[in-house]
Each structure stands twice: as C-alpha cells, then as structure tokens.
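Enquirer: Sequence plus the predicted model coming up.
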Amino acid sequence: MMRSSSPPTPTPTPPAPALEATASSYSRDRILALSDGVCAIAITLLVLDIIPHIADTVTGTALIRALLDMAPELAAYFLSFLVIGRFWDTHRTFFRYIQLADSQVVWANLSVLLWITLIPATAALLGSHWDEPAALTLYAVNLLLATASFWVLWRYAFSAGYLRQGELHARTEQYVNRYVAVSLVGYALAIPAAFLSPPLALALVFLTTTLARRAARRILALGSTSAGGAASERHGQDALEMDQEG
C-alpha cells in the first residue's frame, strides 16, 4: 500500500513594500541639505531690498541724505540676517541630535522653512515702514511662528525616539522648552511694544534673538542650584550646552 504524499507547503508571499519610506538617516541628510540651501537663499534675498536706487545725478550732500534715508532698510537687513542666522544655527544644533527622519519630520521641517522663507518679505515691509505697528507686528508674528515650528519639530523627534540618546543629557528637553518659551515671550512682547515705541519693539526682537539661549541656560542653572547646590549647577551648565556659545 502506497502512502499518499502531502501537498507541498505554499511559499509565503512577501509583503509588498510600504509606499511611504520608514525613518532613515538618508532622509535626515536630505533634510539638512535642503534646509541649508533654503536658509542661504533667504539670507541672500535680504540684500535685494537694500540695493540703492539712487540716480546718477544725485551727488554731494543729496547723496549723503539719500544714503541716510536707507537706514531703516539697513537696520531691517542686519536684524533679519541675525535672525535667520540664529534660526539656521538652531536647526543645525537640533539635527546634531536628530539621527533619523520620517515623513512627519520632513513636514515639520518644511513648516520651519515656510516661516524662514517669509522673513525676507516681512523684513522688506519692516524696512520701508519701520515705524508702523502693523509692519512690526507682522514681523514679530513671523518669528513667533518660526519658533513654534522649531518646537513642534523637536517635540515630534523626541517623542518618536529619533534622537541620539547617548549624547542627550537628561535635562536637554527642559533646556529646549525654556529656550522656546523665552523666545516666544520675547517676540510676543514686541507686538504690544510696536504700538508704544517702534524702537523698543526692535530692541526686544534683537535681545530675544541674541539672548534667548543664554537666558534658558541661566534658568536651568538656577534650578540646578536650588535642587542640588553649586556642583549640580556646574554639571547642569556643562552638560546642557547645545551649542558652542560662551
């Protein structure tokens, strides 16, 4: 009596590849390349608004007056150059810790770039109407939205586990939150200040841009002191450095 052979086991069909790419360092590198190029173009566009349009017949004291009349445009250029440079440096610092990226990181980063590319336009309006509260308000709102987008990018990368945990200090998250909070408060205060004193509003934007990181470190240093004394303060200041500022 012959034993019947069992039917061959069908070979399982491999699942179809996902249409959406998973998180990868390759996506991260492409994000960095795109962001560097966008920031460079945004900074270049700023200078287009300070190209002097002075007739060849204007000379002597008239030329000096024409150049002095460009002071608001020059102030808006230098301030915006500083702002975009700071945003680029913050972006570079964030991606020193973000090691992977998926589509959510891509779109969060695009929202950051959206507001950065708008800065040349709001800066041009600020240069031509620096004493108008509406122009100052629009400029401050632009910076508020860019800062908020940075926070969304960091929060998603943090919650998704895309950060280099080996290089991340335990209190880096607190530092980022305080840096964003100080920046948002400073830019937000510039809005009512624009209706009181335009120079005060510009000063607030400048001080917020230059001192937000230092203020965040000082807040954490004070917290370390109250929690664990001078040794804890030194440890917190050393380990919480997310950039190379003094």
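Expert: Arrived safely.

Enquirer: Lowest-scoring secondary structure element of the chain by mean pLDDT?
Expert: helix 198-239 (a mean of 68; mean pLDDT, DSSP states H and E).

Enquirer: Spatially central residue in this protein, please.
Expert: Phe87 (3.7 Å; CA atoms, centre = their mean).

Enquirer: Distance check, Ala160 against Ile98.
Expert: Separation of Ala160 from Ile98 (CB to CB, to the nearest Å): 10 Å. From N, CA and C alone the C-beta is placed, and that goes for glycine too.

Enquirer: Which neighbours do these two have in common?
Expert: With contacts taken as CB atoms under 8 Å, 6 or more residues apart in numbering, Ala160 and Ile98 have Val105 as neighbours in common.

Enquirer: Show me which of these two is the more surrounded one.
Expert: Ile98 (24 against 15; other CB atoms under 10 Å).

Enquirer: Touching, that one and Tyr156? I think so.
Expert: No: between Ile98 and Tyr156 there is no contact under CB atoms under 8 Å: 9.7 Å.

Enquirer: Pull up the overlap in contacts between these two.
Expert: Shared contacts of Ile98 and Tyr156, defined by CB under 8 Å, 6+ apart, comprise Val105.

Enquirer: what secondary structure does Gly161 sit in?
Expert: coil (DSSP: H, G, I helix; E, B strand; the rest coil).

Enquirer: quick one, phi/psi of it?
Expert: Torsion angles at Gly161 (phi, psi; degrees, to the nearest 10) stand at phi 80, psi 30.
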